[in-house]
Structure formats: C-alpha cells, structure tokens
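> With the sequence up front, the predicted model follows.
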Amino acid sequence: MLAEKNIRVVVRGAGDLASGVIAKLYRSGFEVAALECEKPSSIRRTVSFSEAVYQKEVTVEGITAKLADEENAEDILAEGNVPVLVDPEGEWIESWKPQIVVDAILAKKNLGTRMDMAEITIGLGPGFEAGVDVHAVIETKRGHSLGRIYYQGTAIPNTGIPGKIAGYAKERVIYAPVEGTLRSCAAIGDAVKKGQMIATIGGYPVNASIDGILRGILPDGFRVREGFKMADIDPRPLGGQECSSISDKARCIAGGVLEAILYLRQGRDRKNGAEKPEFSLISMLKIRPEKHRLIAVVGAGGKTTLIYELARELKKAGYRAVVTTTTHMYKEGRYGFVPVGNGVSGEKLTGVSPEVPRGMLETYDVILVEADGSHGFPLKCPASFEPVIPVETDLVIGVAGASAVGKSFREKCHRFETACQSLGRLPEDLITEQDVIRCLTEKFGQKKNVDCEYRYVVNQAEVLSKKQMERLLYFQKSQTDIGVVISFSMERWYNS
C-alpha cells in the first residue's frame, strides 16, 4: 500500500479497461470514484464497475462498487468501496476536488477533460494531447507500445480495426446489423460456434462470427443503433476465469496510469511542494513526436547540441530516438546516443544519403538528422548545394548563434559572401539582430528548400546585452514561424 488514502482520484468511465485502472489504483491505496453515463454500453459487463448503474452494486475481483450520488458517495468511500456516479459531464469533479482525474471513457475523442480539472490529469488512448489537454496520455492500442506513457504528444491514432487476438481482429467483434432492442440468447462465458445465434435485435437474428467464448455482450433490453458494437468473441481456448477477471490489456494500461501518477506526483513534491518549471525543447518548439518523426536540423551555432538535447527529452518521454547526419558530425555521441553514419573520416562521421533516414522509422520513433555544416561559425547562409535535407522530412529546425551579433560577416558567418549578397551587406559590416532573424526565416537562409513544417532556435542568448535581447525579440515577433531564443549552456529560455 502507498498510504495514499487522502489522495482522491476520479475515473471518468467504468468499462472493462477503466475498471482495470480503478482496481489498480484502489489496491494501491488511492480513494477512487468513477463517473458513468445513464446507460453504459460496456461489452465485458462481468468485469466492469459500470454494471453498478444497472445492478446498484457489482463486485470485480473482490472490489465492490456501488451506485452513488453526491450525498452518499463519501459514505461508500468510508465503507471501503468504490462509488459510481451517473455524471457523464464530469460536473461532480469541481465539487469533490480530486487531486487526480483519469479519462477512461475511450471515446476516441476528448469529451471535456481539461488539464486544469486536477493537479494531475491523464487520458487513455487517442483524442488527447499530453501537455495540451492532459498531463499524460496512455497508449491503448494492442502491440509493442500498449501501456506506454506519453508526456508530450498523442497516442497512436484510431484505425477503427480492433487489435488482433489469436489471428482475429475485426471478425471477433460483432456490430448490430439493424437498429432495435437487443435480446440475448447466450450468456457471457458461453462457448459459441460460428453461425450460432447469440442474440436478436427486433426479431432479427445475430449470429456468432467465429468459434470461441462469448467474452462480452450488451445487456438484455439495450436499445442499439445499426453498426453499434454489441458483442465480443474471444477465439482463444480460455481457462474459465477470463470472463470474470480483469484482462491483460486492462492491467497493462492500468500499470501505465499508476506509473504516470507516481512520476507526475514526484515532480510536484519538489522543494516547498512547488513544481519546478521544466526546460522542455519539445514543448517550446511544439514538436509532436507522432507527427514529426523525421526532423532535420540546419544552420549554425548549436545544431549538434540541439539534436542531442531533443534526443534526451524524447528518450525520457518514452520514444525511441536515433541521431544521424547527411553531411558530417562528430562520431562521439552524448547521453548514451551514438550517431549513425556512413563511415568515419578522422573525428567525424560521413553522412548517409538523403533517402536513408526515412527508412530508419521502421526501427525508431523519431529520427534526428544533422543536415548542414557550419565549420564552427555561429551564423550561416547555405550555398547552392546546401542543406542536405532528407527525403520526406516532417520538420526542419534552423539554428543560429547569438554570438554573431556585433561581429562582422567575414568573421562570424559561414558562406559570408552568400549572406552579404542576400542581405545587401558588405563583408566588414557588423551583423545585427535583424540579420540573424532574416537568416533564420527567409528562403535564402535556413528555410531554403524547406517544404514541410519549420521552427527556429537562436542559441547562445547568454552573450546578449539587455538591449540586444530586446532588439532580437522585437524582430522575432514580426515573424509567423515558431521560434525560441535560448541558452543551452545555462538551461535558460526567453520566449517561445
């Protein structure tokens, strides 16, 4: 037990997967209440606390849930049971003030859960974005990532096809062929044969789609619309307990929820009980790892540092990231990452061809590519053959170093001839804050050949005076591109 009896959790939804979460948190010592709709449509009713809405009381794996209202919910909790309230809109959350809210409705969209509902909010499956709607999202799709926690981004999008069990996917789920009232002819736990009638809807027969065990079916008398999910057949040879116990999928998801709660609470228990603001490039640059899977970094003044910092954050968030290059980069990695190249020349890796990085997505979640060279200069304008952006890149990030400001183009700009021609300057002219922003946001600079989403970073902000910073931010605000001014060496950011 975690001795967390004073920590209250509201779980929105009480179907079979939500019930796995409820049971896990209950046994871990949290005070748990569930919210349901007036007519729950849980298929696996024998392992769903939502049945309390119909039966007034239900027990799953030794845990009892009772139908409640605002007046007796506290009494039910005091008895050591789980109150289930009919509250589809979640209005009770505001008055009960739980520390944690878990949205386990599994509607494939957000039905009103907000990050400000509680200290910690967690969403299950697609429809939520961590860092925007909720603090964390738990993967619900069967497969390698089931139960995975996303602290940034979203779960795998819904395909509309159930996950495979024993080789069966869509075939094992039965949908109502017509609209009407369901009358069951078989009970949960019964062995059924393909073609056997398991229910009728308005007199229309509904037959088993495969051989197996009827693992779930809607309650007798439930009014369904055509195409509504109404039953589930498990093709595996079951041992007899599976229809009355929480599933492997529900337990895995519940484990992800508990881990996310402990992780997020740990962050809130820092000094003086206040949460320390986290330095997050992923958040500031609005990177969505499920969408921005191939990221190319170009420019000068901090590309390699940016790449490894992003790799570190992605790994911390549970993503498999890899670092590579289409030009050259130092062969030594950072934070346990070893860059992938096409060979070694002295201290540097030689780059892979632009077609290679996209194929690496079969193995990794996010590919970070150094796609430009700068010979150590803080500012760059690319030549005709630069940068080497990989094929089908999802996001390009341009980088420049603030240490170029106040120095001449000849001294601090790689390809200064190209820069001076594009900017209408002379090699001995001093680089201004506006020059830096223009190199980052115009097509002659880091946006050259960019036909996907774009962000930019101004690094080395610690070298700027207050006036220089104000001028830099002034010119930045005139741009529509997302950009940040930052100091990697001091872990300090100035805007996003």
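Arrived safely.
> which residues in this protein form helices?
Along the chain, the stretches classed as helices by DSSP state H are 16-27, 52-55, 73-78, 92-96, 248-268, 281-284, 303-316, 356-359, 409-412, 416-423, 433-441, 466-477.
> could those helices go into JSON lines alongside mean neighbour count, distance to V137 and mean pLDDT?
For glycine as for every other residue, the C-beta is placed from the backbone atoms N, C-alpha and C. Output for the helices of the chain, formatted as JSON lines (neighbours: other C-beta atoms under 10 Å; distance: least, C-beta to C-beta, whole Å; pLDDT from 0 to 100):
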{"stretch": "helix 16-27", "mean neighbour count": "25", "distance to V137": "14", "mean pLDDT": "96"}
{"stretch": "helix 52-55", "mean neighbour count": "20", "distance to V137": "27", "mean pLDDT": "96"}
{"stretch": "helix 73-78", "mean neighbour count": "15", "distance to V137": "28", "mean pLDDT": "93"}
{"stretch": "helix 92-96", "mean neighbour count": "15", "distance to V137": "19", "mean pLDDT": "92"}
{"stretch": "helix 248-268", "mean neighbour count": "18", "distance to V137": "9", "mean pLDDT": "90"}
{"stretch": "helix 281-284", "mean neighbour count": "19", "distance to V137": "14", "mean pLDDT": "86"}
{"stretch": "helix 303-316", "mean neighbour count": "21", "distance to V137": "15", "mean pLDDT": "92"}
{"stretch": "helix 356-359", "mean neighbour count": "18", "distance to V137": "26", "mean pLDDT": "94"}
{"stretch": "helix 409-412", "mean neighbour count": "18", "distance to V137": "43", "mean pLDDT": "96"}
{"stretch": "helix 416-423", "mean neighbour count": "18", "distance to V137": "43", "mean pLDDT": "95"}
{"stretch": "helix 433-441", "mean neighbour count": "23", "distance to V137": "32", "mean pLDDT": "95"}
{"stretch": "helix 466-477", "mean neighbour count": "15", "distance to V137": "31", "mean pLDDT": "88"}
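> Can you redo those as CSV, where the extra columns are distance to I295?
Formatted as CSV, the helices of the chain follow (distance: least, C-beta to C-beta, whole Å):
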stretch, distance to I295
helix 16-27, 33
helix 52-55, 47
helix 73-78, 47
helix 92-96, 37
helix 248-268, 25
helix 281-284, 11
helix 303-316, 7
helix 356-359, 9
helix 409-412, 26
helix 416-423, 25
helix 433-441, 16
helix 466-477, 21
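> Ok, which of the ones you listed comes nearest R223?
R223 lies closest to helix 52-55 among the helices of the chain, at 13.7 Å (C-beta to C-beta).
> Please name the nearest non-neighbouring residue to A208.
Nearest non-adjacent residue to A208, counting by C-beta to C-beta, 6 or more residues apart in numbering: V192, 4.3 Å away.
> The one you found: what's it in contact with?
V192 is in contact with 186, 198, 208, 211-214, 233, counting by C-beta atoms under 8 Å, 6 or more residues apart in numbering.
> Show me which pair in these is furthest apart.
A186 and D211 (13.1 Å).
> the more surrounded of the two?
A186 (17 against 14; other C-beta atoms under 10 Å).
> In contact with the closest residue to the more buried one other than its chain neighbours, which residues?
Counting by C-beta to C-beta, 6+ apart, A186 lies nearest to I198, which is 4.3 Å off, once chain neighbours are set aside. Residues near I198 by C-beta under 8 Å, 6+ apart: 174, 184-186, 192, 206-208, 214, 217, 231.
> can those residues go into CSV with extra columns for pLDDT and distance to S408?
Below are these laid out as CSV (pLDDT from 0 to 100; distance: C-beta to C-beta, whole Å):
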residue, pLDDT, distance to S408
I174, 94, 74
S184, 93, 83
C185, 92, 86
A186, 92, 84
V192, 92, 82
V206, 95, 80
N207, 95, 82
A208, 93, 80
L214, 91, 79
I217, 94, 78
A231, 93, 75
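> List only those of these flagged as buried.
174, 184-186, 192, 206, 208, 214, 217, 231 (16 or more other C-beta atoms under 10 Å).
> Which one of the helices of the chain lies nearest to N158?
Closest approach to N158 among these (C-beta to C-beta): helix 16-27, 14.1 Å.
> elements contacting that closest one?
With contacts defined as 3 or more C-beta pairs under 8 Å, 6 or more residues apart in numbering; DSSP states H and E, the packing partners of helix 16-27 are strand 8-12, strand 31-36, strand 63-68, strand 100-103, strand 120-124, helix 248-268.
> Contacts made by the shortest one with the rest, please.
For strand 100-103, the surrounding residues in contact (C-beta under 8 Å, 6+ apart) are 7-13, 18, 21, 25, 30, 90, 93, 110-111, 113, 117-124, 128, 134, 257, 261.
> of those, buried ones?
7-13, 18, 21, 25, 30, 90, 93, 110, 113, 117-124, 128, 134, 257, 261.
> Let me see the contact set for V399.
By C-beta under 8 Å, 6+ apart, the neighbours of V399 are 297-303, 306, 446, 456-457, 459.
> Could I get those in CSV, plus columns for distance to H328?
Below are those laid out as CSV (distance: C-beta to C-beta, whole Å):
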residue, distance to H328
V297, 13
V298, 14
G299, 15
A300, 14
G301, 16
G302, 16
K303, 11
L306, 16
Q446, 18
Y456, 22
V457, 20
N459, 20
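> tell me which of these is nearest to V352?
Checking the contacts of V399 against V352 with C-beta to C-beta, the nearest one is V297 at 14.8 Å.
> The closest one reaches I367, doesn't it?
No. Using C-beta atoms under 8 Å, V297 makes no contact with I367, being 11.2 Å away.
> check contacts around S403.
With contacts defined as C-beta under 8 Å, 6+ apart, the neighbours of S403 are 301, 378, 412, 460, 463.
> coming back round to it: sitting in strands, which of the buried ones among the contacts of I198 do you find?
Per DSSP state E, strands hold the following members of the buried ones among the contacts of I198: 174, 184, 192, 206, 214, 217, 231.
> Beta-bridge partners for the residue nearest to the first one when sequence neighbours are not counted, please?
When you say that, I think you mean I174. Nearest residue to I174, sequence neighbours excluded (C-beta to C-beta, 6+ apart): A231, at 4.1 Å. Beta-bridge pairing for A231 (DSSP bridges): I174, I217.
> wait, doesn't A231 sit right on I217?
Yes. Between A231 and I217 there is a contact under C-beta under 8 Å: 4.3 Å.
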